[in-house]
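>>> Just to be clear, the model below is a prediction. Sequence and coordinates:
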Amino acid sequence: MKVIETLANLPAELAEKIPDVKLQDQDIRVTLAQEGLTREGILPPKLNLGDFALSFEASAEATVRNFNSPGDVDENGIVGEAAAANAPPSDSPRPQLLLGGDKGWMRYQATGLVKAAASGRYTFVSANGKTELSATLSDYRAHPLARNMREAAKEDLASPRLLVNSTDLTKLGTGDALSWRVRGMLETGLDLGWADLFTTNLGDLSFVRNSELIELKTSIVALVRARVSLTDDYQLSFSRPSPGRLQLAVRKAKSHEVTQGAGLGIQVAFADPEAVQARLKEVLSALAGQAEAKVEELIDKALQKVASSEDLALLRTVLERLGLDPQLVNLDHLKQEWEELKQKVEGALEKVVKARIGAAFQYEYLRISESSTLLEVELDEATALNFHGQLVLGNLVDLMSWLRAPENAGRFTLKNYLNTASFTLQQTVGFSLSLGTFEVFKARGSLKQTWVSQENTQGARRQAFLGQRTYEDALMGHRNRWAVDFRADMESFAQAPAASDFRYGLHMLLWGQKKKLTKQELQQAVDDAVVWGVLDANDASSVTTKLEAHLGKTDVQTQVELKVSDDMLRELVPRLQTFDLKLFSRALARAMPWSEQTARVSSEFRKLVYAPIWESYLTEVMNKGSFLSGDLSPTRAAQIAAWFIERDSTVKQLAAGLLLREKTWQPPGGNFSFAEVTDKNRNTLAKCRRFVDGLVRLRRSIEERRSGEELRTVHSDLEGLWNTGFHLRTAGAVLAELAKSTPRGLGGIERTFTVRLADSQEQLVFSTAWGPSTP
């Protein structure tokens, strides 16, 4: 009999340690030296697999373990309990094999030594940089709970399975699984909306002089496909849910990285470079203010001396826009200078897009908790076998391309990809790849603080924090939804993570969608862009005029965004370490609701009218305001506003038409007059002060190397200034004014006003090129 014949292949020491009882009767964990397994021929001493060799060290240990009931914990996450039907969503990985039925599992686990072949296309890397490291292989065998464990082990070890051999996949019975855990280069593919890559990146592409409007037009449906690679520990597993089908999962695993500052080493390459080249014309048009073909036509006419006066005037405008003096430009060299500019733009374009993709992928990856799933999909067996070799080497790219192909849509079931159920990651929000606008705003409001801490085998930690606030504010009309993303994360491990080890960022978004946008709603959205320094007043008028042709004709979506990167945030924080009454009064004044009334029609007029009113109001709150409410009564707020309109010459000149509205307070009130704004957006002074407290705490945490846990309090202090739409407009105005005083000015902050048009599937992105200036 076969079972009798296999007894000779089972080391006696192992047979003695496995209880002669049913699988359901006892939990076991047996450890033994692998030397016996290789000596008896159960494991091969060495496997040559082309790209790498796998050998089983005599000094390593193998384990045999069983799983027979709910509550058993598999450190690999392959076996586990099904989530309860009413359980809240969790980032924890879903087990592929579920406890609680009439089956249990015997798990056989061994350690192999991987050495990359000199000619191999892919290399494995260890923590010390050598191309030799350990890999863990696990074989899960399903058995009825009534099966004798010793007999089951004899039968299982008669035909051991190693995931590195594709033929072993065909041997998987229903309910079986194989896994492979290793440190190496993991490579995957991403499809991103091309338009989305430029919602906050125009500043990095700016080759134009200050105060010029950049307008980028592109297609909403155009995609860019990229290959992203990184170095980390990961686990690949295959299980068989039913005959003829295999489910594969790629998960993060506990890191073996011990080199300080090594990081993930993320690299980005374009899967289709020609597709990126095709978008270059759009960027050139945005920078030159004219289509590429038109610029080259003007240059040719000038060289041939057949240009009309209108042609020369237009060419002069293009040259001045690009920072060139038309009087000094040598016409003989003009064509060469234009070609050099195109090469510079092409290089910048590639750099910007790759940086955006790499940074966003890293942001996403660092916030996926340890052992969480990167990819989980069910396939037919033939397809799984076809991609097996590449998957073992950490290459997901070709499989991802196959999954995206329309003709394969019915041949697989996608269960998870980077915490989403889609491969195409469009309309991102903040620093994230997969957090789409719809997902952000499907709830009326939320406050989320996420803390992910990964620990490597040396006990060092790599942490990431996300503080996110989303809200729907009916008082803001069309622009009634918004999100703020405060990020802090570490790229590499540290034994005692401190706030100085993190990289920081802040992203603010005002979002609105309307089937038929009115002119007033458009002007309100453009006004948001002016308040946040995205557009200057002249450009605001130009943008409004450009977009008026679409009013009342198509669904329109608008986004106003500010994104402050780590280096810029570190420049801004020291500039606001005490409560600056005048700064906040100016910002609050600019943030007052827009209207066609003279005093409200521009942010500068609002600053002239309402800054002294806000300063007087906040001063009185500090001196006499209630400690319980932190506000004055709306009646008193109306009296302050009326006093300035009646007696301050500048305010009176601009706001005389608003006197009746401003001096009258009748509850419940709207959201227009000064008294109404203070009533609907309460605790303004306290929120402004806490915002400053948060920046002070952040600076001290970094300088004094405090624990990263301080970031929870930092975020709690900051987010009060963006928990209403009005206060969010104020926060953006404060940051914009602070940025003007830095060496890079507003150019150091990514700022865009984005409009998406449903009928033409076009996206228009606007931003004024601004450098250093004084507030």
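Okay, I see it. Since the structure is predicted, the reported quantities are computational estimates derived from the model, not experimental observations. Numbering: from 1, shown residues only.
>>> from here on, contacts and neighbour counts on C-alpha atoms
Will do.
>>> Low-confidence bits of the stretch 101-250 of the chain, can you list those?
Low-confidence segments of the stretch 101-250 of the chain (pLDDT under 70): 116-132, 199-201.
>>> burial of residue 448, as a residue count?
Other residues near residue 448 come to 11 when the count uses other C-alpha atoms under 10 Å.
>>> I'd say it and residue 483 touch.
No. Using C-alpha atoms under 8 Å, residue 448 is not in contact with residue 483, being 11.0 Å away.
>>> Overlap in contacts, the two.
Counting by C-alpha atoms under 8 Å, 6 or more residues apart in numbering, the shared contacts of residue 448 and residue 483 are 468, 469.
>>> other SSEs contacting the helix or strand encompassing residue 521?
Element membership for residue 521 (DSSP states H and E) is helix 519-531. Contacting helix 519-531 under the criterion 3 or more C-alpha pairs under 8 Å, 6 or more residues apart in numbering; DSSP states H and E are the following elements: helix 537-547, strand 556-564, helix 603-624, helix 725-740, strand 750-757.
>>> Of all these, which one is nearest residue 307?
Using C-alpha to C-alpha as the measure, helix 537-547 is the one of these that comes nearest residue 307, at 27.8 Å.
>>> Look at residue 553 and report its pLDDT.
For residue 553, the pLDDT comes out at 85.
>>> What average pLDDT does stretch 417-437 get?
52.
>>> and the gap between residue 139 and residue 109?
Residue 139 is 6 Å from residue 109, where distance means C-alpha to C-alpha, to the nearest Å.
>>> Look at these two and report which has more neighbours.
Comparing residue 139 with residue 109 by neighbour count (other C-alpha under 10 Å), the higher total belongs to residue 139, at 25 against 20.
>>> need the contact list for the more buried one.
Taking C-alpha under 8 Å, 6+ apart as the contact definition, residue 139 lies against 107, 108, 109, 161, 162, 176, 177, 178, 179.
>>> quick check, it in a helix?
No. When DSSP: H, G, I helix; E, B strand; the rest coil is applied, residue 139 is found to be strand, with no helix at that position.
>>> From residue 341, how far off is residue 731?
When C-alpha to C-alpha is applied, the distance between residue 731 and residue 341 equals 37 Å.
>>> Just want to know which of the two has more residues nearby.
Between residue 731 and residue 341, counted using other C-alpha under 10 Å, the more crowded position is residue 731 (24 against 15).
>>> what about the helices in the stretch 351-500 of the chain?
Along the stretch 351-500 of the chain, the stretches classed as helices by DSSP state H, counting those that start in this stretch are 381-392, 397-404, 437-441.
>>> Tell me which of those helices lies nearest to residue 354.
Using C-alpha to C-alpha, the nearest of these to residue 354 is helix 397-404, at 16.6 Å.
>>> That closest one relative to helix 381-392, how many degrees between them?
Counting by axes from the mean of the first three to the mean of the last three C-alpha atoms, to 10 degrees, helix 397-404 points 140 degrees away from the direction of helix 381-392.
>>> count of neighbours near the residue nearest to residue 228 when sequence neighbours are not counted?
Nearest residue to residue 228 in three dimensions, chain neighbours excluded: residue 268, at 4.6 Å (C-alpha to C-alpha, 6 or more residues apart in numbering). Burial of residue 268, expressed as a neighbour count using other C-alpha under 10 Å, amounts to 22.
>>> buried ones in the helix holding residue 521?
By 16 or more other C-alpha atoms under 10 Å, the buried positions in helix 519-531 come out as 519, 521, 522, 523, 524, 525, 526, 527, 528, 529, 530, 531.
>>> just to revisit the earlier point, from the contacts of residue 139, which two are the most distant?
So, those by C-alpha to C-alpha: farthest apart are 109 and 176, at 13.9 Å.
>>> does residue 42 really touch residue 158, like I thought?
Yes. The criterion here is C-alpha under 8 Å, and residue 42 meets it with residue 158 at 7.3 Å.
>>> care to break this structure down by domain?
For the chain, automatic domain parsing gives the domain ranges 2-162, 185-232+262-435, 454-769.
>>> Give me whichever of these is most buried.
Per-stretch averages of neighbours, counted by mean count of other C-alpha atoms under 10 Å, single out domain 454-769 among the domains of the chain, with a mean of 20.
>>> mind checking the end-to-end distance for that domain?
Between the opening and closing residues of domain 454-769 there is a gap of 40 Å (C-alpha to C-alpha).
>>> give me every residue that touches residue 173.
By C-alpha under 8 Å, 6+ apart, the residues touching residue 173 are 141, 142, 240, 243.
>>> Can you classify it as helix, strand or coil?
Applying three-state DSSP to residue 173 yields a three-state assignment of coil.
>>> Ramachandran angles for it?
Listed backbone geometry of residue 173 is phi -80, psi 170, with angles given as degrees, to the nearest 10.
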